[in-house]
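Q: Quick one, structure for this:
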Amino acid sequence: MAFEYDVCGYAQVAGSVWRDSGNWLRVQRFTVARAGTLVKITDYTNADKAGCGWRGVVYADSAGLPGALLVVSAEQIIAYPAGPAWLDSAPLSVAVAAGQVIHVGSWHAPGVAVYYGGSTGASQNDKSGPPPYSASGPPPDPFGATATTANQVNSIYATIAVEVAAAATQVIVVNDA
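A: Below is the predicted model of the structure:
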């Protein structure tokens, strides 16, 4: 069994930063290119203080808005004072279909920085003041009411493992006799 890995999201460092002072749940809408298994979420972020928790989330689409929770990662503590860096979620395993719209994002404690930029047609959904951030409890399910910010994209993406046919092996036997 062989795998290729697709990126579903925005895998570039955006130029603007928002420093959250409260509990935030942020998701970005993306479309899956090929069917596979979503194995992790990666976010470009940093912390303003020690002990800031971060969890990756994926929500199903509901008429263009985030709906039911598909998966939430275990908590990661953002390194402090390391500065901005790509942070991988704990391993995940959720099946996704080609063409499926998903909402990829993060649920984090106060003091976490979010990196974003402008992108025509992008749609970000925020939820300020969800249940207080929890290292192990569930985020809202379904997502609920949102404040939508158009034309803005976060530096966050999902990695999707796509099973592909293994390359054929050719064996050549040479007989020198």
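Q: can we go C-alpha only for contacts and neighbour counts from here?
A: Noted.
Q: So what sits opposite residue 115 in the bridge?
A: Residue 115 forms beta bridges with residue 17, as assigned by DSSP bridges.
Q: Renumber starting at 405 from here on
A: Noted, 405 is the first residue going forward, which turns the last one into residue 519.
Q: Isn't it up against residue 556?
A: No: using Cα atoms under 8 Å, residue 519 makes no contact with residue 556, being 10.3 Å away.
Q: Who has more neighbours out of these two?
A: Between residue 519 and residue 556, counting by other Cα atoms under 10 Å, residue 519 is the more crowded of the two (21 against 18).
Q: Contact partners for that one?
A: Remark: with contacts taken as Cα atoms under 8 Å, 6 or more residues apart in numbering, residue 519 is in contact with 417-422, 448-449, 558-559.
Q: Weed out the non-buried ones from those residues.
A: 417-418, 448-449, 558-559 (16 or more other Cα atoms under 10 Å).
Q: Among these, which are located in strands?
A: 448-449, 558 (DSSP state E).
Q: Please name whichever of these scores lowest on pLDDT.
A: Minimum pLDDT across those is recorded for residue 558, with 86.
Q: The residue nearest the centre of the chain and residue 416: what is the separation?
A: Centre of the chain computed as the mean C-alpha position; nearest residue by Cα atoms, centre = their mean is residue 445, 3.6 Å away. For residue 445, the distance to residue 416 (Cα to Cα, to the nearest Å) stands at 14 Å.
Q: Kindly report the same for residue 557.
A: Taken as Cα to Cα, the span from residue 557 to residue 416 is 10 Å.
Q: quick one, phi psi at residue 502?
A: phi -60, psi 130 (degrees, to the nearest 10).
Q: Setting the sequence-adjacent residues aside, check what's closest to residue 547.
A: Nearest non-adjacent residue to residue 547, counting by Cα to Cα, 6 or more residues apart in numbering: residue 471, 5.3 Å away.
Q: How many neighbouring residues does that neighbour have?
A: Counted with other Cα under 10 Å, residue 471 comes out at 20.
Q: That one: which element?
A: strand 469-476 (DSSP states H and E).
Q: Note down every partner strand of that strand and its orientation.
A: Partners of strand 469-476 in the sheet, by DSSP bridges, are strand 457-466 (antiparallel).
Q: Low-confidence stretches in the chain?
A: By pLDDT under 70, the low-scoring segments of the chain are 426, 524-528, 531-534, 551-554, 572-577, 579-581.
Q: where exactly do the strands run in it?
A: Going by DSSP E, the chain shows strands at 406-413, 420-423, 428-435, 440-451, 457-466, 469-476, 480-481, 489-492, 498-500, 505-512, 516-532, 551-558, 560-568.
Q: Identify, out of the ones you listed, the most deeply packed stretch.
A: Neighbour counts (mean count of other Cα atoms under 10 Å) averaged over each of those peak at strand 505-512, with a mean of 26.
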